[in-house]
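Chemist: For reference, the sequence and a predicted model appear below.
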Amino acid sequence: MSGPARPGPPAGLCDHCAFQRLVPTRRTVFSMCGRHRDDPRFPRYPPVPVARCVGFTPREPPAPPA
């Protein structure tokens with residue numbers, strides 16, 4: 001799940017990163033950085049929108065329908 005499909009402000013690079021995890025609540029959806037588990041340089045919930053990130057890894061495009 002990424003980009004316009006989620007409520008709340010755009011998360012910038014995070015919306016296209018393989019490490020983004022979306023955390024829904026009753027009112028909004030938070031963008032959590034999965035890299036925070038292994039590397040203390042990355043905050044669990046970075047301030048958005050993120051314009052630059054040394055840990056950015058592009059998300060794989062979805063597989064075409066079979």
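Modeler: Received it, and whenever you're ready, just let me know what you need.
Chemist: can you map out the strands along the chain?
Modeler: Using DSSP state E, the strands assigned to the chain run over residues 20-24, 29-33.
Chemist: want to try TSV for those strands, with mean neighbour count as columns?
Modeler: Yep, even glycine has a C-beta here, placed from its N, CA and C like the rest. As requested, the strands of the chain are exported to TSV (neighbours: other C-beta atoms under 10 Å):
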stretch	mean neighbour count
strand 20-24	15
strand 29-33	19
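Chemist: between those, which one is nearest to residue 63?
Modeler: strand 20-24 (18.6 Å; C-beta to C-beta).
Chemist: still on that earlier bit, mind putting the strands of the chain into a markdown table with distance to residue 64 and mean pLDDT?
Modeler: Formatted as a markdown table, the strands of the chain follow (distance: least, C-beta to C-beta, whole Å; pLDDT from 0 to 100):
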| stretch | distance to residue 64 | mean pLDDT |
| --- | --- | --- |
| strand 20-24 | 22 | 94 |
| strand 29-33 | 27 | 94 |
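Chemist: Can you redo the ones you listed as JSON lines, where the extra columns are distance to residue 62?
Modeler: Conversion of the strands of the chain to JSON lines gives the following (distance: least, C-beta to C-beta, whole Å):
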{"stretch": "strand 20-24", "distance to residue 62": "15"}
{"stretch": "strand 29-33", "distance to residue 62": "19"}
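Chemist: Out of those strands, which gets nearest to residue 10?
Modeler: Here strand 29-33 is closest among the strands of the chain (C-beta to C-beta), at 9.2 Å.
Chemist: Okay, and the beta partners of the residue nearest the centre of the chain?
Modeler: Among the residues of the chain, residue 20 comes closest to the average C-alpha position under C-alpha atoms, centre = their mean, at 2.9 Å. With beta bridges defined as DSSP bridges, residue 20 has these partners: residue 33.
Chemist: from what I can see residue 19 touches residue 38, true?
Modeler: No - using C-beta atoms under 8 Å, residue 19 is not in contact with residue 38, being 9.9 Å away.
Chemist: Which one's more surrounded, those two?
Modeler: residue 19 (18 against 9; other C-beta atoms under 10 Å).
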